[in-house]
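K.L.:
need a structure here:
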Amino acid sequence: MPAQPAQSPVTVLGLGLMGSALAAALLKAGHPTTVWNRTAAKTGPLAAQGAIPADTARDAVEAAPLVIVCLTTNDGVRGLLEPEADALKGRTVVNLTNGTPAQARELASWAAAHGVAYVDGGIMAVPQMIATPGAYILYSGADATAFEAHRATLSALAAPKWVGEDPGLAALYDLSLLTGMYGMVMGVAQAYALIGSEGIAAREFAPLLRDWMAAMTDAVVPGTAEAVDAGRHLTDVSNLAMNRDAYPNFLQAYADQGLRGDLFAPFQGLLDRAVDEGYGADGLSRLVTLLKQG
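P.N.:
This next block holds a predicted model:
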């Protein structure tokens, strides 16, 4: 039986919960994996799984053609990579650190100036989801060839989704998706606080909330997208004037039930502005354009 080709080597810089999960997934897929972390003790569990601990960041960089970075902030990425610029030349850096589009573009410009192929990424998963069917990672960068060259390796982490050659697009998609998630989290938190103000258990209320939010998501997400892209916001269902008039009931109920309304109070101002500017007959999709304006 012919020998199977060896999997390509990879380096992982940064071994927090996510970085460690990424390295473990690469090891499980058979990739020789070099790991480095400022706190060297974090390499221990991965070394027990077969990873190669590097004494320095430079040693780690020189060990593989593909260098995956997963730190806390992009400020840390720049500080880590700059001293190793000469060692990184000719290699591919895939930065999976959460950041902004502007930060990604700045890092990409720095990398290009030093002969480093740079791919930015946004991980749409928690560490426990890495290497499972539900996880995916968004990628973007000016060098699509570098991404394609390492696509098979990156697939060991999660399903790879290329979103474009602008290095900032992965971060833009990532933050946009997380914006939707945080909006949901805020709504769920306020809903549980409100129902709980009368002693009703969250787990009792959860099935109703889950089903209601699922139904609204199925309607609101595609419906709003269609309205925004078409520029048609008029509605005969629940217009902004109706929402503006009814919204004070929410804030009053929160106060009456002894709850803070911090998460929801700003929405009243946006509704007021929409109606004051003459959009009272429009649906909630109109708010997207108001957010763009200021």
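K.L.:
could you give the mean pLDDT of stretch 71-87?
P.N.:
Mean pLDDT, stretch 71-87: 94.
K.L.:
got it, and stretch 190-200?
P.N.:
Across stretch 190-200, pLDDT averages out at 98.
K.L.:
can you give me the buried ones in it?
P.N.:
190-195 (16 or more other CB atoms under 10 Å). C-beta here means a position set from N, CA and C on the backbone, and glycine is covered the same way.
K.L.:
then stretch 87-104?
P.N.:
Buried residues in stretch 87-104, counted by 16+ other CB under 10 Å: 87-88, 91-99, 101, 103-104.
K.L.:
show me the buried residues of stretch 190-200 that map onto strands.
P.N.:
Among those, none falls in strands (DSSP state E).
K.L.:
stretch 104-121: end-to-end distance?
P.N.:
By CA to CA, to the nearest Å, the extent of stretch 104-121 from end to end equals 9 Å.
K.L.:
what does that stretch contact?
P.N.:
Applying CB atoms under 8 Å, 6 or more residues apart in numbering, the external contacts of stretch 104-121 come out as 74, 77-78, 81-82, 85-86, 88-96, 99, 137-143, 145-147, 150, 166-168, 170-171.
K.L.:
what about the strands in the stretch 51-200 of the chain?
P.N.:
52-53, 66-69, 92-95, 117-124, 136-140, 159-164 (DSSP state E, counting those that start in this stretch).
K.L.:
direction included, what does the last one pair against?
P.N.:
What it means is strand 159-164. Strand pairing for strand 159-164, using DSSP bridges, gives strand 136-140 (parallel).
K.L.:
mind putting the strands of the stretch 51-200 of the chain into TSV with distance to residue 267?
P.N.:
Output for the strands of the stretch 51-200 of the chain, formatted as TSV (distance: least, CB to CB, whole Å):
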stretch	distance to residue 267
strand 52-53	50
strand 66-69	37
strand 92-95	35
strand 117-124	26
strand 136-140	29
strand 159-164	30
